[in-house]
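Enquirer: Here you go, sequence then predicted model.
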Amino acid sequence: MRTHRVRFPRTGATFSARPAVRFVVAMQRDTFMRKFLPSAVLPALLLLPACSGGGSADAAAGNTSGAAVHVVVDTAAGVDGLVQFQVAAAVLEHRDGLTTGNLLAAPVVLTVADASGEAAGLTLRDAPSGDFTALHLLVAPGTGVVLNAAGQLLPIVCGGDLRVPIADGLLHDRSQSSWLVVGHDVAAPTFAAGTVWVPVLSARLDGSVSDLGLRVAGVQAPALAANVALAGEGVLRVGFDDTCTFADDDHGGGSQGRDDFLIGTGSGDDVRVGGRLQRDGSFTATRARRRAGDDRPRLLGRITELRPLETSFVFEVQAELRRNGERRLLDPRVEVLVRAAGARLHRSGGHAVMAFADLLVGDLAKVEFTQRTPVPGGRDEVLAREVEVPGAAAMPSPEWQGFVTAVDVGAGTIVVGPWHDDPIVIDGVVVTSVVVSVGAETTIERKADGGGGGRTPIGLADVVAGGDRIWWRGAVTGPQAVAARWVRVRAE
């Protein structure tokens, strides 16, 4: 059977795709476009090259222009590699089933899975007001690629309409921007050339936990405004939880108080924050690190050799991470020598400090550097400022939803059944009920009736069996059991 050679945008990598697979994916794409996009937009998009890195799609005819919806993609998918594909168009689905026109200003190469868990993003421009229940992403056929742990670029098939449900709905007012966090609900498979993968994605609830790199736009104590480059430079209003921890990498990286942190922070600085992202563009940080702004790309790759006596390691660079969230995949890969004597070494997430002796050959790492010096006939030498080690491939952190059928305060459990026709899926298996365990560390909160208003901390005894809808996150402890880290309920 004949195959067609396809060039992947930005990377230069090529691969083959069977005509039959390409035909099926193209049919899915055309069905999506005819269903969701107005006739004024169809001709341009249907002629869009499958692997075009540029071009643009006009806003839908008749759409009332409004503020953007900024989408942050949690790339943790349990895959020991990196997956990208091109999103040719994106629309929002109203509660009545109607949709907007295409809200992308141009096709976007989106990183949808990353072993390091580094967030990606896209921006839906000029979104009209509405009560939206889903986001649809149209994947251009022939653009799926995985960078595996060995640094190989392999083609995968992921085409057609990816529907991303918004379980609690998105009430978007076109007078101001909105934010959505999208994440994986099911771990990705083991990839080989030609693997067919349809990611199972959903939008996280308002107040989802996120970890973001920001560029400070201004400081107005006790908060700051910051741009999120990976989401079209959308602006977040960042406040700080009473328990928030602060550090300044330009002054030793030690802990400090909020006031000192804000005094030392200025426009143009980079701040890494972890905390809760609200859909209205406010962010409540529980940890924050500051440093001087730097637009140099970070290097993503694997440690191939350790040199303890000189506190350095040989590093195979597989991709460059840009501040705007773009990953530029390298083909062929490049080896450099990383000088790490003065660098801050830490693990992802909680930023636990590491010693050089904790590094292992084969570790995935992200290297931020201050200087890169070419060495004739040898490896470039990279003077590291920070080395971040994600550890094992970041696993998805799904948010389940259901209906409370029983509460046992003494046992510390909530029994949950399906909400209407929405199945509960635990490790890929549909279950009819789940026992959700809560403990002293579990956060339980109630959303105001009808979905409006704020959230109120409650106790387990305040959860109503037979009356509350529930969302939860946590660790799977059995075929029908989850130990919850966070629970939200709402009367229905």
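Expert: Alright, I've got the coordinates. Numbers count the residues shown, from 1 in each chain.
Enquirer: distance between the ends of stretch 102-110?
Expert: 16 Å (Cα to Cα, to the nearest Å).
Enquirer: for that stretch, which positions count as buried?
Expert: For stretch 102-110, the neighbour count (16 or more other Cβ atoms under 10 Å) marks N102, L103, L104, A105, P107, V108, V109, L110 as buried. From N, CA and C alone the C-beta is placed, and that goes for glycine too.
Enquirer: pLDDT on it, on average?
Expert: Mean pLDDT, computed over stretch 102-110, is 96.
Enquirer: need the buried residues of stretch 102-110 in JSON lines with secondary structure and distance to T413, can you?
Expert: Below are the buried residues of stretch 102-110 laid out as JSON lines (DSSP: H, G, I helix; E, B strand; the rest coil; distance: Cβ to Cβ, whole Å):
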{"residue": "N102", "secondary structure": "coil", "distance to T413": "46"}
{"residue": "L103", "secondary structure": "coil", "distance to T413": "42"}
{"residue": "L104", "secondary structure": "coil", "distance to T413": "44"}
{"residue": "A105", "secondary structure": "coil", "distance to T413": "48"}
{"residue": "P107", "secondary structure": "coil", "distance to T413": "47"}
{"residue": "V108", "secondary structure": "strand", "distance to T413": "43"}
{"residue": "V109", "secondary structure": "strand", "distance to T413": "44"}
{"residue": "L110", "secondary structure": "strand", "distance to T413": "39"}
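Enquirer: from the residues you listed, which single one is nearest R446?
Expert: Distances from R446 to the buried residues of stretch 102-110, taken as Cβ to Cβ, are shortest for L103 (32.8 Å).
Enquirer: OK, contacts around the closest one?
Expert: A59, A60, V69, A90, V91, L92, L124, R125, D126, A127 (Cβ atoms under 8 Å, 6 or more residues apart in numbering).
Enquirer: Strands of the stretch 151-300 of the chain, residue ranges please.
Expert: For the stretch 151-300 of the chain, the strands defined by DSSP state E, counting those that start in this stretch occupy 153-157, 160-172, 178-184, 195-196, 201-203, 208-220, 223-228, 234-248, 255-256, 270-277, 282-291, 298-307.
Enquirer: do the same with the stretch 351-492 of the chain
Expert: Counting by DSSP E, counting those that start in this stretch, the strands of the stretch 351-492 of the chain are 364-373, 380-389, 400-408, 413-417, 424-426, 429-431, 434-437, 443-447, 455-457, 468-478, 481-491.
Enquirer: In JSON lines, list those strands along with distance to L212, mean pLDDT and mean neighbour count.
Expert: As requested, those are exported to JSON lines (distance: least, Cβ to Cβ, whole Å; pLDDT from 0 to 100; neighbours: other Cβ atoms under 10 Å):
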{"stretch": "strand 364-373", "distance to L212": "15", "mean pLDDT": "95", "mean neighbour count": "18"}
{"stretch": "strand 380-389", "distance to L212": "14", "mean pLDDT": "95", "mean neighbour count": "20"}
{"stretch": "strand 400-408", "distance to L212": "24", "mean pLDDT": "96", "mean neighbour count": "19"}
{"stretch": "strand 413-417", "distance to L212": "30", "mean pLDDT": "97", "mean neighbour count": "21"}
{"stretch": "strand 424-426", "distance to L212": "28", "mean pLDDT": "90", "mean neighbour count": "17"}
{"stretch": "strand 429-431", "distance to L212": "33", "mean pLDDT": "92", "mean neighbour count": "12"}
{"stretch": "strand 434-437", "distance to L212": "28", "mean pLDDT": "97", "mean neighbour count": "20"}
{"stretch": "strand 443-447", "distance to L212": "20", "mean pLDDT": "92", "mean neighbour count": "19"}
{"stretch": "strand 455-457", "distance to L212": "21", "mean pLDDT": "88", "mean neighbour count": "12"}
{"stretch": "strand 468-478", "distance to L212": "18", "mean pLDDT": "93", "mean neighbour count": "18"}
{"stretch": "strand 481-491", "distance to L212": "18", "mean pLDDT": "94", "mean neighbour count": "19"}
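Enquirer: Quick check, central residue of this structure?
Expert: In the chain, the residue lying closest to the centroid (Cα atoms, centre = their mean) is D74, at 1.9 Å.
Enquirer: Look up how far W472 lies from the closest residue to that one other than its chain neighbours.
Expert: Closest residue in space to D74, ignoring its immediate chain neighbours: G183 at 3.7 Å, by Cβ to Cβ, 6 or more residues apart in numbering. Distance, G183 to W472, by Cβ to Cβ, to the nearest Å: 14 Å.
Enquirer: P308 now?
Expert: 44 Å.
Enquirer: list the contacts for the nearest residue to P398 once chain neighbours are set aside?
Expert: Once flanking residues are discounted, P398 sits nearest to D185: 4.1 Å by Cβ to Cβ, 6+ apart. Taking Cβ under 8 Å, 6+ apart, we find D185 in contact with V200, L201, S202, P396, P398, E399, V425.
Enquirer: pretty sure the residue nearest to the centre of the chain contacts L180?
Expert: No: counting by Cβ atoms under 8 Å, D74 does not reach L180; the two are 10.9 Å apart.
Enquirer: Mutual contacts of these two, please.
Expert: With Cβ under 8 Å, 6+ apart, D74 and L180 have common neighbours R204.
Enquirer: beta partners of G183?
Expert: As for beta bridges, G183 partners with S202 under DSSP bridges.
Enquirer: Please apply the same query to E305.
Expert: V314.
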